[in-house]
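Colleague: Sequence below, structure please.
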Amino acid sequence: MGGDAQISGSVTLHILQRELRQAGYGLQDNPAALGCTLKGLYNSISLDLLLAPVVITDGTGGAPDTLSVFSSSRSGASVPLDVTGAHPTTYTYFDVKGSFAVATNDYIVAVPENWDATHWCTLVKAASTTNTTVVHENVSAYMPPGGYDADSYLINMGSSLRHRTFAINDQNVLQMTELSSAARDIAPEIVNLQAYYGKDTNNDKIVDVYDTVKPTTAAGWRQVLAIRVALVARSMEYEKDEVTTTEPEWDVGTHIALAGTVDCLSGSGGQCLQIKVSHLSDWKHYRYKLYDTLIPLRNALWNS
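Modeller: Next up, the predicted model:
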């Protein structure tokens with residue numbers, strides 16, 4: 001196995017660990033908002049994404065998954081701001097009980113008391129504040145029908161949003177895309193990325209299920225306490241002879257069942273998932289190394 005592939009794999013794993021540990025910061029002041037669709041303008045970009053720490057887009061048929069990681073830039077503690085009066089779609093201010101810790105140019109998320117497909121969350125930018133109002137730019141086109149009522153609340157996201165999507169392109173390069181920038185190369189020869197939500201389904205603060213099922217409710221998102229990741233790095237050197245005869249195995253252990261596992265070919269007694277590399281041209285003429293880790297979502301744990 002070439003040293004270049006080992007470097008790519010270890011650097012990629014380090015970057016993902018660092019990003020995932022920060023996931024959800026500032027989003028979970030009120031966990032009831034998790035899963036709400038967020039619409040609005042950010043640096044002139046129209047948003048339509050989930051208010052969730054990590055979203056896994058499952059690759060079809062073993063193809064690489066995509067990871068989107070969301071957090072705020074806010075520094076210091078904050079609490080949701082209670083809205084005290086109705087906010088029709090044409091209004092450019094919220095009446096609140098107090099505007100504690102909101103500064104000019106902070107991004108604010110307006111959240112309905114009970115969000116659904118027609119009552120979504122809206123991102124606004126604070127233009128000014130008083131003790132009882134938050135004035136914002138006009139984003140009426142992104143408001144849900146009827147605007148927001150007096151039982152809504154505001155979440156302060158700070159001066160910027162941190163939303164990063166990690167995906168492998170068709171040149172086997174792991175790339176990162178942010179909201180306001182083009183895709184940036186992270187590491188070459190990363191040929192597969194598989195991710196699972198680690199969920200606590202019985203509320204004992206211990207992960208008991210791994211799956212790729214994206215939650216659809218706030219209660220479902222509150223169950224997600226960790227992300228389990230495996231990635232495969234490929235050597236850059238083409239070997240004259242076939243040096244790989246089976247696809248890489250990910251030994252996931254036997255403590256928590258994972259769909260699609262089989263007995264490990266290594267004879268370790270564990271349960272393994274085969275990570276697909278056979279979609280690559282001449283895949284048997286390269287060597288591969290698998291890296292895996294389990295990353296606790298500490299902001300979810302602190303708010304669970």
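Colleague: Excluding sequence neighbours, find me the nearest residue to the most centrally placed residue in the chain.
Modeller: The centre of the chain sits closest to Val54, judged by CA atoms, centre = their mean, with a distance of 2.0 Å. If the residues on either side of it in the chain are set aside, Val54 comes closest to Ala23, at 5.0 Å by CB to CB, 6 or more residues apart in numbering. (C-beta placed from N, C-alpha, C; glycine too.)
Colleague: How about Thr122?
Modeller: Residue nearest to Thr122 in three dimensions, not counting chain neighbours: Ala110, with 4.7 Å by CB to CB, 6+ apart.
Colleague: got it, and Thr246?
Modeller: Thr246 sits nearest to Leu265 (CB to CB, 6+ apart), 6.4 Å away.
Colleague: Where does that neighbour sit: helix, strand or coil?
Modeller: State at Leu265, reduced to three classes by DSSP: H, G, I helix; E, B strand; the rest coil: coil.
Colleague: ok, it to Val109 distance?
Modeller: From Leu265 across to Val109, the span is 48 Å (CB to CB, to the nearest Å).
Colleague: Could you check which of these two has the larger neighbour count?
Modeller: Just comparing Leu265 and Val109: by other CB atoms under 10 Å the higher neighbour count belongs to Val109, 24 against 10.
Colleague: Phi and psi next, for that one.
Modeller: When read as degrees, to the nearest 10, the backbone of Val109 gives phi -100, psi 120.
Colleague: Quick check: it touching Leu51?
Modeller: Yes - counting by CB atoms under 8 Å, Val109 touches Leu51, with 6.8 Å between them.
Colleague: how about the helices in the chain?
Modeller: Along the chain, the stretches classed as helices by DSSP state H are 3-22, 218-222, 298-302.
Colleague: Buried deepest among those, which one?
Modeller: helix 218-222 (a mean of 19; mean count of other CB atoms under 10 Å).
Colleague: Against which helices or strands is that helix packed?
Modeller: Of the remaining helices and strands, none touches helix 218-222 by 3 or more CB pairs under 8 Å, 6 or more residues apart in numbering; DSSP states H and E.
Colleague: If we use 10 Å, what do you get?
Modeller: Counting contacts by 3 or more CB pairs under 10 Å, 6 or more residues apart in numbering; DSSP states H and E, helix 218-222 packs against strand 190-199.
Colleague: List the strands paired with the strand it packs on, with their directions.
Modeller: If you go by DSSP bridges, strand 190-199 pairs up with strand 209-211 (antiparallel), strand 224-234 (antiparallel).
Colleague: any idea how far it is from the chain center?
Modeller: 12 Å (CA atoms, centre = their mean, to the nearest Å).
Colleague: repeat for stretch 252-259
Modeller: 23 Å.
Colleague: now stretch 227-238
Modeller: Counting by CA atoms, centre = their mean, stretch 227-238 comes out at 20 Å from the chain centroid.
Colleague: Let me see the mean pLDDT of that stretch.
Modeller: In this model, stretch 227-238 carries a mean pLDDT of 95.
Colleague: mind exporting that stretch as PDB, just the C-alpha atoms?
Modeller: What follows is stretch 227-238, C-alpha atoms only, in PDB (Å, rounded to 0.1, in the frame of the first residue of the first chain):
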ATOM      1  CA  ILE A 227     -22.200   9.200  12.900                       C
ATOM      2  CA  ARG A 228     -20.300   6.100  11.900                       C
ATOM      3  CA  VAL A 229     -18.100   6.500   8.900                       C
ATOM      4  CA  ALA A 230     -15.900   4.200   6.700                       C
ATOM      5  CA  LEU A 231     -13.900   5.400   3.700                       C
ATOM      6  CA  VAL A 232     -11.600   3.600   1.300                       C
ATOM      7  CA  ALA A 233      -8.400   5.100  -0.100                       C
ATOM      8  CA  ARG A 234      -6.700   3.700  -3.200                       C
ATOM      9  CA  SER A 235      -3.000   3.600  -4.000                       C
ATOM     10  CA  MET A 236      -2.100   5.700  -7.000                       C
ATOM     11  CA  GLU A 237       0.200   3.000  -8.500                       C
ATOM     12  CA  TYR A 238      -1.300   0.600 -11.100                       C
END
